[in-house]
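Participant: sharing a model that was predicted from the sequence below.
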Amino acid sequence: MAWIQTITPDAAEGALARSYKNATGRTGQVAGIVQAMSVAPSILEASMGLYIKVMYAPKGLTRRQREMLAVVVSRANHCHY
């Protein structure tokens, strides 16, 4: 398993602290996948922006269907996120 240096929520400052606060507001926690991008806050912000646009798009699949597809793909890729 790879080891990635991360910044904990307690040590986060600036843009990263704001991203962590947003993550906590969405899910009640800062998930490991979010912390994995903590050393590059601008990439984390872009990634989360894309995620939100895809998951909350007004047309096509419902949010529930999108989440179910994400679970299926994660499982097929042996990813617990």
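Facilitator: On my side now, so go ahead.
Participant: what is the helix or strand of the chain with the lowest mean pLDDT packed up against?
Facilitator: Every helix and strand of the chain was ranked by mean pLDDT, DSSP states H and E. The lowest is helix 32-35, at a mean of 92. Judged by 3 or more C-beta pairs under 8 Å, 6 or more residues apart in numbering; DSSP states H and E, the packing partners of helix 32-35 are helix 14-27. C-beta: built from backbone N, CA, C; applies to glycine.
Participant: by contact count, what packs against the helix it packs on?
Facilitator: helix 32-35, helix 41-55.
Participant: can I get the ones you listed in TSV with mean neighbour count and distance to T6?
Facilitator: Listed next are the helices and strands packed on helix 14-27 as TSV, based on neighbours: other C-beta atoms under 10 Å; distance: least, C-beta to C-beta, whole Å:
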stretch	mean neighbour count	distance to T6
helix 32-35	17	4
helix 41-55	13	11
